[in-house]
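> Okay, predicted coordinates and the sequence, questions at the end:
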Amino acid sequence: MAENKTPDILYTIVDEAPELASASFLPIIRKFVSSAGITVGTPDISLAGRIIATFPENLTDDQRQSDDLAALGELVKTPDANVIKLPNISASVPQLVAAIEELQGQGYNIPSYPEAPATDAEKEIRARYDGIKGSAVNPVLREGNSDRRSAKAVKNFAQNNPHSMGAWVADSKTKVSSMPGNDFYANEVSATISAAQAGDAKIEFVAADGSVAVLKDSYPLAEGTVADATFMSAAALGSFLAEAIEDTKADGTMFSLHMKATMMKVSDPIIFGHAVKAWLGPVWDKHGDAIAAAGGAANSGLGAVLAAIDMLANADEIKAEIAALDRPSMYMVDSDKGITNLHVPSDVIIDASMPAVIRAGGKGWDEAGNKGDTNCVIPDRCYATVYDETINFFKANGALDVTTAGSVANVGLMAQKAEEYGSHPTTFEAPAAGTIRIVLANGETLHSHEVEAGDIWRSCTVKKAPIENWIELALDRQRLTGSEAIFWLDANRAHDAELIKYVQPALEAAGKADLFQIMAPREATAQSLKTITAGNDSIAITGNVLRDYLTDLFPILELGTSAKMLSIVKLMQGGGLFETGAGGSAPKHVQQLVEENHLRWDSMGEFCALSESLNFLADVKGNAKAGVLGVAAEAATQGILDDNRSPSRKVGQPDNRDSHYWFARYWAEALAAQSDDADLAAEFAGVAKALAEGEAAILAELAAAQGPAADIGGYFRPSVELKAKVMRPSATLNAIID
Ligand SMILES: NC(=O)C1=CN([C@@H]2O[C@H](COP(=O)(O)OP(=O)(O)OC[C@H]3O[C@@H](n4cnc5c(N)ncnc54)[C@H](OP(=O)(O)O)[C@@H]3O)[C@@H](O)[C@H]2O)C=CC1
Ligand SMILES: O=C(O)CCC(=O)C(=O)O
Ligand SMILES: [Mg+2]
């Protein structure tokens, strides 16, 4: 963000497929909005950009770049924020390492990732990389709660053009397996901080000999904060995973593990690592230390473990032992390439992976590329019941009928690092047997747990103002829609019980208690599925993790994808953050572009966010021209849907670039046709005419580009020039836009 004055709209530079799409779409946006004097800034929050901004002292003047994430993080706390946020990589360690290596190869003198930091210097580097790792962007920008839903036009389109859905049969062996106890769900305790308890707390570990080590010396807890603590027993997890593997074998299904190792960047890679160890069983017991010493951390996945084994002198012996293990088949990420579920912690991410299994009728793909039923292992029970109940529902009722189904919208509590989302600095692997406790500023012990070595302990908080704002948002959405509205809160879970103490009185004070229900996730799932099956709508008012899960689950069932979701974050200080869809950055799409120059990324999320951002500029800043552009952008989005101009999946068919041409054309036509702003109408009449006259040439030029491999000069840091060349292959279109 080199500009001095904050641009009217900030359109983020991100990673992978959405960033490729921006290479084509941003020039179009810029051309259109500049006619109204609207400026667009492009803060870089890509993984590569964040790495570069973290090590300025190692880089040349040309290479250095500003910390745009930090600047944006400040901006979102002001009423001036108007940010269009595209999905970015929340990096697992293997992704981070790959990005670092690519940058080093491009001449950036940045340090390697220290797997096992020993010196102070290495520890300092590691701490900086830990700040970049995982979900490091969204929690910083999401200074508001989440409002995700499908726009009416998008929902109508899905009903009229149903996507394919796998059939569900009653005797499907697909199921969800979770721990019977001693998980985060079982061990949770929670309290709302009183005035007397408020202040800077500490988290301590008390060893068996009574010695006290401080795990976190500053843990500010304000009055009204709901503060939890819980842990997952490592021993219970280990035996559960071993049993789940045996159980999968007995069922004759495939083993799959669904975690959120990216967003839950501290706890979930550890759980993932336990699964890798359980899978390798006796082989890990025998060789684990040697493998880890060779750089094969189990938490980084089977891919890293196998690579490390190759470095060992007895590699053949270890590989033979692995081959001799009696294991069920495994759910695959890529059967052709031998990439298993356990290879990389960021390949199978629960919010996207479970809905994909469910949409397919409970099917996954095994090592041989055969489709089959799968045991979906989700160790912790806090939210696993949602998938379990969904699977039970479809087994009993058959797959959802997309042509008639209603819709589940979401109002999600996420502001100010709410709940598990903010727990990274307060998650610890117990160093030994002992006690982990939260000691308040007044000396009182708030929570305390007896733990064993390796147990995963974490504390989560949610502050009072975000909770109140979330309830207000729920009241608003219910009032505007008249829909069924359910708070997905489990009165038997400690944390949820504290939230209910906020929710119930607030609903009563508003005189709206009769319009809302409060149900545990399992019951809420069954109720919501019943509601949409009957063709009606429901609003799921949830905490942060369910916000994430449900805003992929329901859209993927209802619309075929979560890419088309409207995703609005009404910032608590008055600004707007418009996220594009509810999905991620679709790594598979980049692979396809590189192999055959076809980009199947659907920019519907960007289209919806763009209109919202322009309308926000009109409503909040009184920019009338922005309002005209916003309404016209909505018409363009409608045109894309009406005429089915969204990208196809297969090479040779229209792709992302074609959809941008059509969006520009419809946008220009709508601007030309409106009468609120004569200058814009006159200017865009010419653009619309040029785009219409150029149609045949433009579509032919776009089609001609597809087929051969495409060179974008990098994965995490592609070349700007090469990317533009690949993504803007129509000279005729470029001449109109430039
Ligand atoms: N808001 C954010 O910043 C988010 C970031 N992420 C990050 O994204 C990366 C990938 O995550 P993953 O869990 O695989 O989820 P993704 O949502 O990226 O991908 C899952 C699948 O969803 C489909 N999909 C998603 N978006 C689109 C789109 N716009 N157009 C067409 N299809 C789409 C694709 O299906 P198909 O291949 O069948 O076409 C894709 O393979 C990770 O690095 C993760 O950290 C994830 C979620 C949110
Ligand atoms: O922040 C992340 O890592 C992922 C976010 C996500 O999946 C979502 O908000 O839907
Ligand atoms: Mg998500």
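Okay, I see it. Note that this is a predicted model, so its numbers are computed, not measured. Numbering: from 1, shown residues only. Ligands and ions are numbered 1, 2, ... in the order given.

> Run the contact check for stretch 10-27 versus ligand 2.
No: when contact is scored as Cβ under 6 Å from any ligand atom, no part of stretch 10-27 falls within range of ligand 2; the minimum is 11.9 Å. Where C-beta positions appear, they are placed from N, C-alpha and C, glycine not excepted.

> so how far is that stretch off the chain centroid?
17 Å (Cα atoms, centre = their mean, to the nearest Å).

> Going forward, the N-terminal residue is numbered 11.
Sounds good: first residue 11 from here, last item stretch 20-37.

> residues contacting residue 231?
With contacts defined as Cβ atoms under 8 Å, 6 or more residues apart in numbering, the neighbours of residue 231 are 203, 207-211, 237, 450-451, 456, 471.

> dump the residue contacts of residue 740.
The neighbours of residue 740, taking Cβ under 8 Å, 6+ apart as the test, are 667, 671, 707-708, 711-712.

> Residue 225 reaches residue 211, doesn't it?
No: under the criterion of Cβ atoms under 8 Å, residue 225 is not in contact with residue 211, lying 11.5 Å apart.

> more crowded one of those two?
residue 211 (27 against 20; other Cβ atoms under 10 Å).

> ok so that one is a helix residue?
No: Residue 211 sits outside any helix when classified using DSSP: H, G, I helix; E, B strand; the rest coil, being strand.

> so the residue in the chain sticking out farthest from the centre is in which element?
Distance from the C-alpha centroid of the chain peaks at residue 219, with 42.5 Å (Cα atoms, centre = their mean). Assigned by DSSP states H and E, residue 219 belongs to neither a helix nor a strand.

> residues near the closest residue to residue 316 other than its chain neighbours, how many?
With Cβ to Cβ, 6 or more residues apart in numbering as the criterion, residue 316 has its nearest non-adjacent residue at 7.6 Å, and that residue is residue 306. The burial count assigned to residue 306 is 26, neighbours taken as other Cβ under 10 Å.

> Residue 306 touches residue 314, doesn't it?
Yes: between residue 306 and residue 314 there is a contact at 5.2 Å, judged by Cβ under 8 Å.

> thinking again about what came up before, could you dump the contacts of residue 231 into CSV and include distance to residue 730 and pLDDT?
As requested, the contacts of residue 231 are arranged in CSV below (distance: Cβ to Cβ, whole Å; pLDDT from 0 to 100):
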residue, distance to residue 730, pLDDT
203, 48, 98
207, 52, 98
208, 49, 98
209, 49, 98
210, 45, 98
211, 47, 98
237, 46, 98
450, 51, 98
451, 50, 98
456, 51, 98
471, 41, 98
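
> now these in JSON lines, with secondary structure and distance to ligand 1?
JSON lines is the format used below for the contacts of residue 231 (DSSP: H, G, I helix; E, B strand; the rest coil; distance: Cβ to the nearest ligand atom, whole Å):
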{"residue": "203", "secondary structure": "coil", "distance to ligand 1": "30"}
{"residue": "207", "secondary structure": "coil", "distance to ligand 1": "35"}
{"residue": "208", "secondary structure": "coil", "distance to ligand 1": "33"}
{"residue": "209", "secondary structure": "strand", "distance to ligand 1": "34"}
{"residue": "210", "secondary structure": "strand", "distance to ligand 1": "31"}
{"residue": "211", "secondary structure": "strand", "distance to ligand 1": "31"}
{"residue": "237", "secondary structure": "strand", "distance to ligand 1": "27"}
{"residue": "450", "secondary structure": "coil", "distance to ligand 1": "35"}
{"residue": "451", "secondary structure": "coil", "distance to ligand 1": "35"}
{"residue": "456", "secondary structure": "strand", "distance to ligand 1": "32"}
{"residue": "471", "secondary structure": "strand", "distance to ligand 1": "22"}
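
> Pipe the residues you listed into a markdown table and attach distance to ligand 2 per row.
A markdown table is the format used below for these (distance: Cβ to the nearest ligand atom, whole Å):
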| residue | distance to ligand 2 |
| --- | --- |
| 203 | 26 |
| 207 | 30 |
| 208 | 29 |
| 209 | 30 |
| 210 | 27 |
| 211 | 26 |
| 237 | 22 |
| 450 | 30 |
| 451 | 31 |
| 456 | 28 |
| 471 | 18 |
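
> Out of those residues, which two are the most distant from each other?
When the contacts of residue 231 are compared pair by pair using Cβ to Cβ, the two farthest from each other are 451 and 471, 14.4 Å apart.

> For the two, indicate the residue with more neighbours.
Neighbour tally, residue 451 and residue 471, criterion other Cβ under 10 Å: the higher count belongs to residue 471, 24 against 16.

> Quick check: nearest residue in space to residue 552, chain neighbours excluded?
Beyond its immediate neighbours in the sequence, the residue positioned closest to residue 552 (Cβ to Cβ, 6+ apart) is residue 498, lying 4.5 Å away.

> confidence score at that neighbour?
Residue 498 is assigned a pLDDT of 98 by the prediction.

> ok, it - contacts?
Neighbours of residue 498 in contact, by Cβ under 8 Å, 6+ apart: 529-531, 534, 550-553, 556.

> taking those one by one, which sit in helices?
Judged by DSSP state H, the subset of those located in helices is 531, 534, 556.

> and the residues you listed as a markdown table, adding neighbour count, pLDDT and distance to residue 593?
Converted to a markdown table, these look like this (neighbours: other Cβ atoms under 10 Å; pLDDT from 0 to 100; distance: Cβ to Cβ, whole Å):
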| residue | neighbour count | pLDDT | distance to residue 593 |
| --- | --- | --- | --- |
| 531 | 29 | 98 | 22 |
| 534 | 27 | 98 | 23 |
| 556 | 24 | 98 | 17 |
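
> closest to ligand 1 among those?
Top of the list for closeness to ligand 1, among those and by Cβ to the nearest ligand atom, is residue 556 at 14.9 Å.

> now that closest one: how far from ligand 2?
Residue 556 sits at a distance of 11 Å from ligand 2 (criterion: Cβ to the nearest ligand atom, to the nearest Å).

> right, and that residue touches residue 393 too?
Yes: in this structure residue 556 lies within contact range of residue 393 using Cβ under 8 Å: 6.0 Å.

> list residues touching both of the two?
When contacts are counted by Cβ under 8 Å, 6+ apart, the set common to residue 556 and residue 393 consists of residue 531.

> which ones are touching the residue of the stretch 11-160 of the chain found nearest ligand 3?
The nearest approach of the stretch 11-160 of the chain to ligand 3 comes at residue 97, 8.6 Å away (Cβ to the ion). Residues counted as contacts of residue 97 (Cβ under 8 Å, 6+ apart) are 24, 28, 589-591, 593-595.

> List the contacts of the closest residue in space to residue 493 that isn't next to it in sequence.
In space, and not counting its chain neighbours, residue 493 is closest to residue 547: 4.4 Å by Cβ to Cβ, 6+ apart. Contacts for residue 547 were tallied using Cβ under 8 Å, 6+ apart; they are 416-419, 491, 493-494, 541.

> Would you mind listing which of those are buried?
Among these, those classed as buried by neighbour count (16 or more other Cβ atoms under 10 Å) are 416-419, 493-494, 541.

> Okay, and residue 600 sits in which element?
Using DSSP H and E, residue 600 falls within helix 597-606.

> What helices and strands are in contact with the helix or strand that that helix is followed by?
Using DSSP H and E, the helix or strand that follows helix 597-606 in sequence is helix 614-631. Taking 3 or more Cβ pairs under 8 Å, 6 or more residues apart in numbering; DSSP states H and E as the contact definition, the neighbouring helices and strands of helix 614-631 are strand 19-21, helix 26-44, strand 92-95, strand 576-581, strand 586-590, helix 634-652.

> Of these, which stretch is the most buried?
Per-stretch averages of neighbours, counted by mean count of other Cβ atoms under 10 Å, single out strand 586-590 among the helices and strands packed on helix 614-631, with a mean of 27.

> got the angle between it and strand 576-581?
Here strand 586-590 points in a direction 160 degrees away from that of strand 576-581 (axes from the mean of the first three to the mean of the last three Cα atoms, to 10 degrees).

> is any part of strand 586-590 close to ligand 2?
No: judged by Cβ under 6 Å from any ligand atom, strand 586-590 and ligand 2 are separated, with a smallest distance of 7.5 Å.
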